[in-house]
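K.L.:
Pasting the sequence and the predicted coordinates here, then a few questions.
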Amino acid sequence: MINKFVNTVGEALADTADGATVLIGGFGTAGIPDELIDGLIAQGARDLTIVNNNAGNAEQGLAALLKAARVRKIICSFPRQADSYVFDGLYRSGKLELELVPQGNLAERIRAAGAGIGGFFTPTGYGTELAKNADGSPKETRQINGRMYVYETPIHADLALIKAERGDRWGNLTYRKAARNFGPVMAMAARKTVATVHEQVELGEMDPETVVTPGIFVHAVVKIDRVATQAGGIRA
């Protein structure tokens, strides 16, 4: 019997290797899989490459992972916010490598990995510093219908950590509103996907038409109790 639910976050992340590339869902603070990030800190993997839209807030979640000195490189679109001081300090001191990727390109590079696409041309970034490789060499460019495009490569990962709302034992997932963000494409782009859910439902209880991430892309699911905020609401 297929049952992808595991009892603990630690069990789900036990085989994470040093040097792994990890996709972490979330857009700002919406849909951040905090429990999985905390579990990754406890698990101890080091020299990680992290892919996320942002670079952490204050000292929780992704920022806590950075502060624990577990990350060698971060690939993101918006590394700086008012409270991104952990990232700022590490980057300015040369302890953290940054690859800055425009948000649309980031989403498409992840999607391309999941779809088996070898790369794609985009006009975004042409003529800027973002049209260069990490070593400073220019990326491939091409003129298409009179417009210049830059060649971008997929972002494949060893592990994806995502936060969903509901799931069944096959790993089929749905999300809560904006918490969905990068989760579906990240699940497709990683060799292993671990998801948290707040609601565990019986097989067949989810309408197939409402399933956003099919279980074929999910390897482990952990049920997490919903956390109330100080304002009396719930954390997305």
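P.N.:
The structure has been received and is ready for your questions. This one's a predicted model, so the numbers in the text were calculated from it and none came from an experiment. Residues are numbered from 1 along each chain as shown.
K.L.:
Looking at the chain, which helix is longest?
P.N.:
helix 103-115 (DSSP state H).
K.L.:
ok, and what's touching it?
P.N.:
Residues external to helix 103-115 that are found in contact with it (C-beta atoms under 8 Å, 6 or more residues apart in numbering): 23, 51, 53, 75-78, 101, 117-120, 122, 124-125, 152-157, 182, 185-189, 217. All C-beta atoms are positioned from the backbone trio N, CA, C, and that covers glycine.
K.L.:
buried subset of those?
P.N.:
Members of the contacts of helix 103-115 that pass the buried threshold by neighbour count (16 or more other C-beta atoms under 10 Å) are listed as 23, 51, 53, 75-77, 101, 120, 124-125, 152, 154-155, 157, 182, 185-189, 217.
K.L.:
helix or strand for residue 41, which one?
P.N.:
Secondary structure here is read from DSSP states H and E; on that basis residue 41 sits in helix 34-43.
K.L.:
Could you do residue 149 as well?
P.N.:
Counting by DSSP H and E, the secondary-structure element that holds residue 149 is strand 147-152.
K.L.:
Strand partners (parallel or antiparallel) of that strand?
P.N.:
Under the criterion DSSP bridges, strand 147-152 sits next to strand 120-122 (antiparallel), strand 141-144 (antiparallel) in its sheet.
K.L.:
Quick check: which of the ones you listed is buried the most?
P.N.:
Among the strands paired with strand 147-152, judged by mean count of other C-beta atoms under 10 Å, the one packed with the most neighbours on average is strand 120-122 (a mean of 16).
K.L.:
if you average pLDDT over it, what comes out?
P.N.:
Throughout strand 120-122, pLDDT has a mean value of 97.
K.L.:
same question, stretch 222-233
P.N.:
Here stretch 222-233 scores 69 as its mean pLDDT.
K.L.:
now the strands for this protein?
P.N.:
When assigned using DSSP state E, the strands of the chain occupy the ranges 21-24, 48-51, 71-76, 97-100, 120-122, 141-144, 147-152, 157-163, 166-167, 173-174, 190-197, 199-200, 220-223.
K.L.:
Save these as a markdown table, and put in distance to residue 85 too.
P.N.:
Putting the strands of the chain into a markdown table (distance: least, C-beta to C-beta, whole Å) gives the following:
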| stretch | distance to residue 85 |
| --- | --- |
| strand 21-24 | 19 |
| strand 48-51 | 17 |
| strand 71-76 | 15 |
| strand 97-100 | 15 |
| strand 120-122 | 32 |
| strand 141-144 | 37 |
| strand 147-152 | 30 |
| strand 157-163 | 23 |
| strand 166-167 | 35 |
| strand 173-174 | 33 |
| strand 190-197 | 27 |
| strand 199-200 | 35 |
| strand 220-223 | 30 |
